[in-house]
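1. let's see this in three dimensions:
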Amino acid sequence: MNRVYDDLILHITTDKFFIESFSEQQVLLVIDRISHELSLQPNKGQIPPVASRKPIHGILGIINLISGPYLIVVTKKVLQGVICGAEVWRILETEIISFSRAEHHLTESQKEANTRYTGMMQQVLSTPYFYFSYNHDITHARQRVDSWGHEQSLFERADKRFVWNKHLLKPLISNSKMHCYALPVIHGFVSSNPCTISGHKFIWSIISRRNTERVGTRLHTRGIDSQGCVANNVETEQIVECGSDVCSFVQTRGSIPLYWHQRPDLRYKPPPTLEVQKPHLEAFRKHFDAQVGRYGKQVIVNLVDQKKAEGALELSLKAFHKQSQNTDVIYEAFDFHKECSKMRWDRLSILMNRLAQYEEQFQYFHSKQGVAIKKQLGVFRTNCIDCLDRTNVVQSMLARRNLQTVLVGLGILPETARIENQISVEQLFKTVWADHADMISIQYTGTGALKTDFTRTGKRTKMGMLEDGKRSAIRYFKNNFFDGFRQDSLDLFVGNYEVSPTEGVTHDSPALSSPGDVKYWSLPAAFFLSIAMIMLTITVPSQYTTSVLVALLFWAGILFASGRMLLSYGPDYVNTPKLLNAPHNPRNPSKI
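-> Numbers count the residues shown, from 1 in each chain. Coordinates of the predicted model:
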C-alpha cells in the first residue's frame, strides 16, 4: 500500500503554495493561488527565500467558498495508539488558509456569508475527534483489510462511507500521482490499550467509524433516505492482538430504517412521527441488502419503547421486516425502559440470553500470522431512538461477552475465569466504553451520553440520574437553538451543499439569516419578562399584600399565555438548517 507523506513543509508565497516532503525532496506539490491549478513539479530550488514556512502533518483538502478556494491542513496531532502495528493519530489542530490574499472583490453581504461558511468548516473540524494513519487503512475492519491486496493508494482502497474529507480531497485524487498527499480521515472514536492478565500481554482496541452518507444532527436527521442510508450510522470494531493473533468483532448502529422525523419545535421531546405515503419497504430492503452484502447476517436489536409514539415505530419496523421476507435479517425487540424500570438493570440479562445464540453463530474474525482462520458471519445492528444511550449500553455488553470468548480462545483466560474478575482490565473496559458513548453522543447531539454511570460502574446510580438530567437539559437547548447551524456545517463539510461563488450577487446567500421582526421577538420578550417580574414580586416585597398577590397572578398569567403561544409557534423559533432546500431568491439588480 502506498503511504501518505507525513513530513510536510508548507511554503507560502503571495501567488503559490509549495508543499515539500522530506521523504520525496525531488518533487514539489505546487498550488497556484491565482489560477487554482495543482501540479507536481521537480524541485529545482524555485521556492523563494522570502516564502513563509510552516511544518504540517497532512492535507485534509480544499474547499471552495465565496472568496475562492481554501486549503485545509493539519497543524497539530497526537499519537492515539498503535493498532496492528500501525500508528493511529488524532487531529488536535487544523488551519484553513485562503487562496485569496484579500476580500476586496466581495460585497459586504458576501464577506459576511463567507465568514459564516468558514465558521461552519471550523465548527466541524473542532468537533472531537478526527483520526488518521499514514500507512494503514483504518476505514475498513480487519476482516475486509486482510482480504484485499496492498497495491492501491490509501485513498483508493478506503471505504468511502467513512472518509469524512472525501469531498475536500477531490482536487488531489483526480491525479493518482498526488494520492501520496491525500490524507483520508475518519470521525468517531479510537482507543488502543496494552493489557496484561496473568502474565499474558495483549492489546485491546476500539475503533468507531461514523458514516457520512446521511450525516446530520440529532433531531434534524432521522431515519432513512431513498438510497437506504440511515442517520447516525456507526460501525464499531473491537480488536484484540496477542502475538501473531488478531481478533476482530464488528457491530453497527443506525437510525430506525424507515422514513420518520422528529423535528424540534421547543417541546422537550417532540414525538417521532412515521411519514405516510413513503416507500418504506423499498428503502428498508435497500438498507439491509447493503448491510448483508457487507457484513453477512443481521440481527436488528430494537430497544425503543413499545408504547405511544416510539411504539408505533416499533410496530412499523416489525411489520416491514416481516414483509421484506429476508431470511438473513432477524428481528429482536426489547423494551429497554420498561424492562429496566425502577433501576432493574439486571434484567438486561434477558436480552443477552436471547442474543447469545446469534453471537455464537456469527463468531468473530481471527487471523494468525496474517492468515484468516475464522471469519465473522454476521453482525448485531442495534438501535434505539437516538442510537446513543440505550444502544451503547447493549453494545458494550455484547463486546464484553465477545472479549471473554476471545481471551479464552487465545488461552489468556481459563474457561472457568470471568473477565469481570480481572479488575484492571474490567475497569479499563468500562471506562473506554463510557468514553466511547460520550464521544459518539457529542458528535451527534452536542452533549455526552446518558446512562454512562451503568457503563462505568456496572450499576445505575442516583448521581448518574442527576447527571443525565443535566445533560438532557443541555441537549434540549443545543438541539433547539444551535443544531441548525451544526447541520449546515456538516452538509457543507461533506459536500452535500456546494457554495456558489455568485452568492450575494445573483442571489441571496442561504447562509445569512434574516432577523425576525418585532412580532417574532415579542413572545420571548414577554415570556422572560414575566419570569423576571415573578421573581421580583416574590423576593422584593417585605410583606405580601393583596396588590402584590394580584401582580403575581397577573405575571403568572402572562407567563402561562406566552409559554403556550411559544409552544404553538415553536418551529418558528427553532434554529433550522438553511443550506439544503433553501429558496433561490434573486437579488434586485438595483441593490447590487
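
2. what about L125, neighbour count?
-> 20 (other CB atoms under 10 Å). All C-beta spots, glycine's among them, are computed from the backbone N, C-alpha and C.

3. so it sits against T94, correct?
-> Yes - assessed by CB atoms under 8 Å, L125 is found in contact with T94 at 4.9 Å.

4. got any residues that touch both of these two?
-> I72 (CB atoms under 8 Å, 6 or more residues apart in numbering).

5. from L566, how far out is the most centrally placed residue in the chain?
-> The residue lying closest to the centre of the chain (CA atoms, centre = their mean) is Q443, at 4.5 Å. Distance, Q443 to L566, by CB to CB, to the nearest Å: 29 Å.

6. and H287, by the same measure?
-> H287 sits 37 Å away from L566, going by CB to CB.

7. can you check T431 too?
-> 41 Å.

8. check what pLDDT P501 gets.
-> Looking at P501, its pLDDT is 88.

9. look up the closest residue to it, ignoring the ones flanking it.
-> Spatially, and ignoring its direct neighbours in sequence, P501 is nearest to I66 (6.0 Å; CB to CB, 6 or more residues apart in numbering).

10. same thing with K318?
-> Y331 (6.1 Å).

11. what helix or strand is that neighbour located in?
-> If you go by DSSP states H and E, Y331 is part of strand 329-333.

12. all helices for the stretch 51-200 of the chain, in order.
-> 108-125, 142-145, 154-157, 170-173 (DSSP state H, counting those that start in this stretch).

13. pull out the buried residues from the last one.
-> The one in question is helix 170-173. With burial defined by 16 or more other CB atoms under 10 Å, the residues of helix 170-173 counted as buried are 171-173.

14. ok, the first one next?
-> The neighbour-count check on helix 108-125 (16+ other CB under 10 Å) flags 109-110, 112-114, 116-118, 120-121, 123-125 as buried.

15. of the residues you listed, closest to E360?
-> V124 (40.7 Å; CB to CB).

16. that closest one - nearest residue in space that isn't next to it in sequence?
-> Using CB to CB, 6+ apart and skipping the chain neighbours, the partner closest in space to V124 is F493 (4.3 Å).

17. just the helices in the stretch 201-350 of the chain please.
-> 280-295, 308-324, 336-339, 348-362.

18. in its sheet, what does the following helix or strand past the last one sit against?
-> Beyond helix 348-362 in the direction of the C-terminus, DSSP H and E gives the next helix or strand as strand 365-368. Partner strands for strand 365-368, per DSSP bridges, with pairing direction: strand 245-253 (antiparallel), strand 371-374 (antiparallel).

19. out of the ones you listed, which gets nearest to Q25?
-> strand 245-253 (35.8 Å).

20. which residues touch the closest one?
-> So strand 245-253 is contacted by 84, 141-143, 232-241, 291, 295, 364-368, 376, 379-383, 387, 391, 395, 398-399, 402-403, 406, 409-410 (CB under 8 Å, 6+ apart).

21. so for that strand, what's the average pLDDT?
-> 98.

22. tell me the angle it makes with helix 280-295.
-> 170 degrees (axes from the mean of the first three to the mean of the last three CA atoms, to 10 degrees).

23. what angle sits between strand 245-253 and helix 348-362?
-> Using the same axes, to 10 degrees: strand 245-253 against helix 348-362 is 120 degrees.

24. make 248 the starting number, not 1.
-> Let's use 248 as the start, then, which means that last one is strand 492-500.

25. what distance separates strand 492-500 from the centre of its chain?
-> Offset of strand 492-500 from its chain centre (CA atoms, centre = their mean, to the nearest Å): 19 Å.

26. just the CA trace of that strand, in PDB.
-> The C-alpha coordinates for strand 492-500 follow below in PDB (Å, rounded to 0.1, in the frame of the first residue of the first chain):
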ATOM      1  CA  ASP A 492      -3.100 -13.400  16.600                       C
ATOM      2  CA  VAL A 493      -5.500 -10.700  15.700                       C
ATOM      3  CA  CYS A 494      -9.200 -11.000  16.500                       C
ATOM      4  CA  SER A 495     -11.900  -8.500  15.500                       C
ATOM      5  CA  PHE A 496     -15.600  -8.200  16.400                       C
ATOM      6  CA  VAL A 497     -17.800  -5.700  14.500                       C
ATOM      7  CA  GLN A 498     -21.200  -4.200  15.500                       C
ATOM      8  CA  THR A 499     -23.200  -1.500  13.800                       C
ATOM      9  CA  ARG A 500     -25.800   1.100  15.000                       C
END
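
27. go ahead and confirm I778 touches L806.
-> Yes - here I778 reaches L806: they are 6.3 Å apart, a contact under CB under 8 Å.

28. neighbour-wise, which of these two wins?
-> Higher neighbour count among I778 and L806: L806, with 18 against 15, using other CB under 10 Å.

29. residues in contact with the helix or strand harbouring that one?
-> L806 is part of helix 793-815, with elements assigned from DSSP H and E. For helix 793-815, the external contacting residues (CB under 8 Å, 6+ apart) are 512-514, 770-771, 773-774, 776-778, 780-781, 784-785, 788, 820.

30. likewise stretch 391-411?
-> Here stretch 391-411 makes contact (CB under 8 Å, 6+ apart) with 248-251, 377, 381-382, 384, 386-387, 413, 416, 420, 423, 426-427, 429-435, 456-460, 482, 612, 614, 617, 619, 740-741.

31. go again using 6 Å as the cut-off
-> With contacts defined as CB atoms under 6 Å, 6 or more residues apart in numbering, stretch 391-411 is touched by 248-249, 251, 384, 386-387, 413, 420, 426, 429, 431-434, 456, 458-460, 614, 619.

32. go on, stretch 608-627?
-> Contact with stretch 608-627 is made by 389-390, 393, 491-499, 542-544, 546, 548, 645, 649, as judged by CB under 6 Å, 6+ apart.

33. next, the angle from the strand holding Y578 to helix 527-542.
-> 110 degrees.

34. packing partners for strand 576-580?
-> Contacts defined by 3 or more CB pairs under 6 Å, 6 or more residues apart in numbering; DSSP states H and E place strand 576-580 against strand 544-549.

35. next one: the strand it packs on to chain centre, how far?
-> Relative to its chain's centre, strand 544-549 lies at 21 Å (CA atoms, centre = their mean).

36. now it - C-alpha only, CSV.
-> Included here for strand 544-549 are C-alpha records, laid out as CSV according to Å, rounded to 0.1, in the frame of the first residue of the first chain:
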residue,chain,number,x,y,z
LYS,A,544,-26.5,-11.9,8.5
GLN,A,545,-28.1,-9.2,10.6
VAL,A,546,-29.8,-9.1,13.9
ILE,A,547,-31.9,-6.0,14.4
VAL,A,548,-31.8,-5.2,18.2
ASN,A,549,-34.6,-2.7,18.6
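
37. strand partners (parallel or antiparallel) of that strand?
-> By DSSP bridges, strand 544-549 pairs with strand 576-580 (parallel), strand 625-630 (parallel).

38. can you give me the distance of the residue lying closest to Y364 once chain neighbours are set aside to A360?
-> Of all residues not flanking Y364 in the chain, L312 sits nearest, at 4.7 Å (CB to CB, 6+ apart). L312 is 9 Å from A360, where distance means CB to CB.

39. I'd like the helices of the stretch 448-597 of the chain as a markdown table, with distance to T749 and mean pLDDT appended.
-> Converted to a markdown table, the helices of the stretch 448-597 of the chain look like this (distance: least, CB to CB, whole Å; pLDDT from 0 to 100):
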| stretch | distance to T749 | mean pLDDT |
| --- | --- | --- |
| helix 527-542 | 35 | 98 |
| helix 555-571 | 43 | 98 |
| helix 583-586 | 51 | 96 |
| helix 595-609 | 53 | 97 |
